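Participant: Need a 3D model of the sequence below.
(one chain, ligands or ions: 1)
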Amino acid sequence: MSATQIERRGPVAVISLVNPPVNGLGSAVRSGLEAAFNELLSDDAVTGIVIAGAGRMFSAGADIREFGKAPPPDVPNLPELIDWLEESSKPVVAAIHGVAAGGGLELALGCHYRIAAPKTRLGLPEVTLGILPGAGGTQRLPRVAGVEAALELIVSGRLVSEREALKLGIVDEIAHGDPVEAAVAKARALADAGTPPRRSSARDEGLAAARSNPGLFDEFRKGMAKRARGMNAPYACVRCIEAAVRLPFAEGRHFEREEFRRLVDATEAKAMRHAFFAEREVAKIPDVPDDTPTRPVETAGVIGCGTMGGGIAMVFANAGIPVTVVENDSAALEAGLAKIRANYQATVDKGRLAQDVMDRRMALITGATEFEAVAGVDFVVEAVFEEMPIKKQVFGILDRVCRPDAILATNTSTLDVDEIAGATGRPESVIGTHFFSPANVMRLLEVVRGANSSAGTIATTMGLSKTLGKVGVLVGVCDGFVGNRMLHQYLREAAFLVEEGALPQDVDRVIYEFGFPMGPFAMSDLAGNDVGWRIRRAKMADHPSNQRYSGTISDRLCERGRFGQKTGAGWYRYEQGRTPVPDPEVEALIAETSRELGIERRTISDQEILERCLYPLVNEGAKILEEGIALRAGDVDVVWIHGYGFPRHRGGPMFWADTVGLGTIAAAMRRFRDEHGEWMAPALLLEKLASENRGFKDL
Ligand code: COA
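Facilitator: Residues are numbered from 1 along each chain as shown. Below you'll find the model as predicted:
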């Protein structure tokens, strides 16, 4: 089947892009468009042309899989093709539905008019792939929508609704019937009236304001500096929009192309492409085929309405799924429901949620104090205390009460899902769902596969994670699963670095500059140092004797009531709000602890901080892959990008490790083992790949 189709509607011809699932503008589509235009431009019976997308959407843009590959000869590249279409003397109208993203919107901007259907999303998200809109988008959008809007849209990569696009002038009309029909009528009217084509490249009104405000770009760069730290693409986007104001269109387009070429093969773009495809690959489970029957989840139950349970109930309600929450007694239930209400209210007060939407969501949440209330639901998430005997008891009851085909999930971050499943007579319907806190905000969901979880249970839970707006990653049973198991390595070494000579602010600065939203100590203060303290005290007996204890300073902080932000002090002081301020009292405590431990404090370089924090984390990731706890290196990357803020532009820890070189990391781990102890020994898989000069990407 051809990648484009032509249909005549009177004197107007409609060209449809036909490249499922997203009408990516790969070489076949570009050739097809070129051929169709050649045919229609030379056909005197055709007075106007409409471009539309067949299937789900207009177009999601350039075919990302073609990046880094040489295009076949004789196929026009997208920027030249769009320039040429725009030159058409016959009116060209875009009929947009679904999505017009990246090259899809650039193609539409090359058309003379744009008509969008309701529920369409439009934008230039290239920056999220480490590149820029390289088919004229940085030149045409500011001309059409104004420089400030273009800066905001292109640098954030945000998609907007058709209504916002209309306000911004990106689309000319919203079609209330069939958008193709409306576009055909528009093209016909333009042709009949003999209106000359309105070419975006020749428009100037959007640029005028910026010409009289030359400080605009520096101001914008200042505003984005924090978010764009360590990245090149956002700055290149700004330079191109600046060029649109400064240079004639053709020169600006040339400038954009040069900037695009520099970005597209750089590590930043490769890392972000990897993240894009890894996020989609997580849904593919080799032994759970796509056609595995799933169970529709129309109603849900949540056991426990504490912080996690309440957050999880909100996740269901946000997705429009009625949810029943069960608590021990009415006082706990009332408190839990009040917390949920307050959470929603805060979002409404900030103007980020409409009151009626909040009311609808609250109406989907029903409270109960009896387990029988969840007897008829399709999917139950247990979120009670993280203690095995309590969880087993709850599962025993759920097994008795719930309908036989219901799925029973445990929201555990540490416990053995198989042991919990053993408390029921239906271990095949039991699975782990490890939500991250706050559950209604964090996108990661570790789906923990028990030894007996059936394919249907896994497929249903993975599908549900998408419905809930989460990125579900399937992991196996082990202590801490993927994310927290690796986190443990990172936090331990951060603590040792402080005992050896670094200060919390040194470690946090290095990690922040690397691209994490915050370093390990600021993070601990946010989460509450007392959480780890309680766990360490409970587990003291099984602390590995061959390993240095990493909790000394944290324990002492907690003994002084320094639990973190919530007590106004932790590793830092918090005078006003959430900004951590280094505290001389903590520095004194650190120095004293080092002395007591017999450690002579030394100067620790930024490079050592980075290596000591991140290499052991990667090393643990290698063990996780070796043991089959995660299916693919990309799955580990997705866990870290969405659960822990690992910078996306570095691709996740395993991708990043490949860019460093596994030989370098294995050698460093050997050195760390010799200097510190056996717990730093390189993973077998790391050693093996390093010796074969391969990377995690080659697995
Ligand atoms: N090039 C190549 N493949 C693409 C693609 C593109 N621009 N956009 C999506 N795909 C693929 C996905 O990898 C996925 O493939 P798979 O089924 O083999 O995993 C499939 O198309 C469906 O995409 P998915 O993201 O799962 O669909 P969705 O309906 O959830 O989202 C979009 C649709 C358009 C919003 C989303 O795909 C998207 O954001 N695409 C990228 C847009 C973009 O950045 N364009 C600029 C390119 S430079």
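Participant: check which helix or strand covers the closest residue to the ligand within the stretch 251-400 of the chain.
Facilitator: The nearest approach of the stretch 251-400 of the chain to the ligand comes at residue 280, 3.8 Å away (C-beta to the nearest ligand atom). The way it works is simple: take the backbone N, C-alpha and C, and place the C-beta from them, glycine included. Secondary structure assignment for residue 280, by DSSP states H and E: helix 267-281.
Participant: likewise residue 446?
Facilitator: Here residue 446 is assigned to strand 444-449, by DSSP H and E.
Participant: Not counting the helix or strand following that strand itself, show me its contacts.
Facilitator: Next helix or strand after strand 444-449 toward the C-terminus (DSSP H and E): helix 455-467. By C-beta atoms under 8 Å, 6 or more residues apart in numbering, the surrounding residues in contact with helix 455-467 are 283, 285, 287-289, 292-295, 297, 319, 321, 379, 407, 409, 428-431, 433, 445, 447, 449, 471-472, 474.
Participant: Next up, phi/psi of the residue in the stretch 501-650 of the chain that the ligand sits nearest to, please.
Facilitator: In the stretch 501-650 of the chain, the residue that lies nearest the ligand is residue 634 (12.0 Å; C-beta to the nearest ligand atom). When read as degrees, to the nearest 10, the backbone of residue 634 gives phi -60, psi -30.
Participant: Return the residues of this protein in contact with the ligand.
Facilitator: 21-22, 24, 60-65, 99, 101-103, 125-126, 129, 280 (C-beta under 6 Å from any ligand atom).
Participant: taking these one by one, which sit in helices?
Facilitator: Here DSSP state H is the test, and the residues of the chain next to the ligand give 103, 280 as lying in helices.
Participant: what about the residue of the chain found nearest the ligand, neighbour count?
Facilitator: When scored by C-beta to the nearest ligand atom, the chain has residue 102 as its residue closest to the ligand, at 2.4 Å. Residues lying near residue 102 (other C-beta atoms under 10 Å) number 28.
Participant: what's the spacing between the residue nearest to it when sequence neighbours are not counted and residue 653?
Facilitator: Leaving aside its sequence neighbours, residue 102 sits nearest to residue 61 (C-beta to C-beta, 6 or more residues apart in numbering; 2.6 Å). From residue 61 across to residue 653, the span is 28 Å (C-beta to C-beta, to the nearest Å).
Participant: now residue 79
Facilitator: 35 Å.
Participant: Please identify which of the two sits among more neighbours.
Facilitator: Neighbours were tallied for residue 79 and for residue 653 using other C-beta under 10 Å; the higher tally belongs to residue 653 (26 against 22).
Participant: Pull out the buried members of the contacts of helix 455-467.
Facilitator: Among the contacts of helix 455-467, those classed as buried by neighbour count (16 or more other C-beta atoms under 10 Å) are 283, 285, 288, 292, 294-295, 297, 319, 321, 379, 407, 409, 429-431, 433, 445, 447, 449, 471-472, 474.
Participant: now the helices for the stretch 51-200 of the chain?
Facilitator: Taking DSSP state H, counting those that start in this stretch as the criterion, the stretch 51-200 of the chain carries its helices at 78-86, 103-110, 137-145, 147-156, 162-168, 179-193.
Participant: and for the third one, what are the contacting residues?
Facilitator: Contact with helix 137-145 is made by 102, 105-106, 109-110, 124, 126, 132-133, 149-151, 153-154, 168-170, 200-201, 203-207, 210, 237, 240-241, 243-245, 249, 252-253, 256, as judged by C-beta under 8 Å, 6+ apart.
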